[in-house]
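[1] From the sequence below, what's the structure:
(one chain, ligands or ions: 1)
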Amino acid sequence: MPSFFKVARFSDIAAGAMREVSAGDRKILLANLEGQIFAIDGECLHQGGPLAEGQISGDLVECPWHFWQWNLKTGECAHDPAVKTRCYEVKVEGEDVLVAV
Ligand code: FES
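    Predicted structure coming up:
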């Protein structure tokens, strides 16, 4: 059963922005897509690149190391949807952003 961790304040993540947070022993990428927060693993599944230092384009984040792209809503790799990174359930309670780990 996952536990929810408070990881950020909603107002700290502007629309179209992202940031890395920690929850338990995990690094998690939070992204604000048109007012909705999504969470995927913060380390790229390829070789561990820091996705928070990449670029958002639509629903995708591009890893800064070798430019693999990950769907922030589904975790799918853009060039091979059979490869998926982990997605996390997100709740927003008032100003608090919580992620289930
Ligand atoms: S580490 Fe992300 S594309 Fe290689």
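[2] who touches Val90 in this structure?
    30, 37-39, 97-100 (Cβ atoms under 8 Å, 6 or more residues apart in numbering). Using the backbone N, CA and C atoms, a C-beta is placed for each residue, glycine as well.
[3] 7 Å instead, please
    Contact criterion Cβ atoms under 7 Å, 6 or more residues apart in numbering gives 37-39, 97, 99 as the residues in contact with Val90.
[4] ok, and the most crowded of those residues?
    Ala39 (27 neighbours; other Cβ atoms under 10 Å).
[5] if I read this right, that residue contacts Ile28, doesn't it?
    Yes - shown here, Ala39 and Ile28 form a contact pair, counting by Cβ atoms under 7 Å, at 5.2 Å.
[6] quick one, phi psi at the residue lying closest to Asn32 once chain neighbours are set aside?
    With Cβ to Cβ, 6 or more residues apart in numbering as the criterion, Asn32 has its nearest non-adjacent residue at 4.5 Å, and that residue is Ile13. The phi and psi values for Ile13, taken as degrees, to the nearest 10, are phi -120, psi 100.
[7] and the gap between Ile13 and Arg19?
    6 Å (Cβ to Cβ, to the nearest Å).
[8] between the two, what contacts are shared?
    When contacts are counted by Cβ under 7 Å, 6+ apart, Ile13 and Arg19 are jointly contacted by Leu30.
[9] Before I go, just wanted to say thanks for your time.
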